[in-house]
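> Quick one, structure for this:
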Amino acid sequence: MIGNILVVCEGNVCRSPMAAALLAVALPGRSVASAGFNALVGVPAMQFAQEVMRTRGLQLDAHRGRQLSRAACVEADLILVMDRIQRTLLEEQYPFARGKIFRLGEYKNFDIHDPYRQPRFVFERCARLIELGVGDWLERLRRV
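Modelled structure (predicted):
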């Protein structure tokens, strides 16, 4: 069973916290965490990310940016990244994790671009793509 899921983005204050929140609520009993390649360690989720998730009934208030680590990759059964570049970087940085690293948009073949420091509508568009990717993964994870 895939019990530990790690969601990774660049700064861990926009995309990965949003995706992790959606996955966590849909997969009770499984561990869902997030981290960033170049995390803004200790920084709360961006205001627009919080607002966009709040409209979906989810809170990101307690989130703080966390740096991606080898230990987190070892513990994860599944690692979801936002784009092809991140997947390649992660596989190069942690070759042992190959085979458990996928894009959130893997099954519909799309990347989720970083909304950092963009207007709210960009965060909204980002959240819709994240929801699409999470939906695809939920179908697969519920079968496992």
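> pLDDT below threshold where in the protein?
Along the chain, no part satisfies pLDDT under 70.
> Identify the single longest helix in it, thanks.
Using DSSP state H to define each element, the chain has its longest helix at helix 120-143.
> Give me the buried stretch members for that helix, please.
122, 123, 126, 127, 129, 130, 133, 134, 137, 141 (16 or more other C-beta atoms under 10 Å). Every C-beta, even on glycine, is put in place using the N, C-alpha and C of the backbone.
> Next, count neighbours for residue 51.
Other residues lying near residue 51 total 15 when counted by other C-beta atoms under 10 Å.
> State the helix or strand in which it lies.
helix 47-54 (DSSP states H and E).
> For that helix, report the contacting residues that lie outside it.
13-15, 17-18, 21, 44-45, 59-61, 115, 118-120, 123-124, 126-127 (C-beta atoms under 8 Å, 6 or more residues apart in numbering).
> run the last query once more with 10 Å
13-18, 21-22, 44-46, 58-61, 63, 115-128, 130 (C-beta atoms under 10 Å, 6 or more residues apart in numbering).
> Repeat that for stretch 115-133.
7, 9-11, 13-16, 18-23, 40, 46-53, 55-56, 80, 82, 102-108, 110-114.
> again, only this time at 7 Å
If you take C-beta atoms under 7 Å, 6 or more residues apart in numbering as the criterion, stretch 115-133 is touched by 11, 14-15, 18-19, 22, 46, 48-49, 51-52, 104-105, 108, 110, 112.
> Buried subset of those residues as a ChimeraX selection?
The ChimeraX selection below is limited to those of those classed as buried (16+ other C-beta under 10 Å):
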select :11,14,15,18,19,22,46,48,49,52,104,105,112
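> closest to residue 97 among the contacts of stretch 115-133?
residue 104 (15.9 Å; C-beta to C-beta).
> residue ranges for the helices of this protein, please.
With DSSP H as the criterion, the chain has helices spanning 15-26, 47-54, 70-75, 84-93, 120-143.
> Any chance of these in TSV with distance to residue 33 as columns?
Output for these, formatted as TSV (distance: least, C-beta to C-beta, whole Å):
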stretch	distance to residue 33
helix 15-26	7
helix 47-54	16
helix 70-75	7
helix 84-93	15
helix 120-143	15
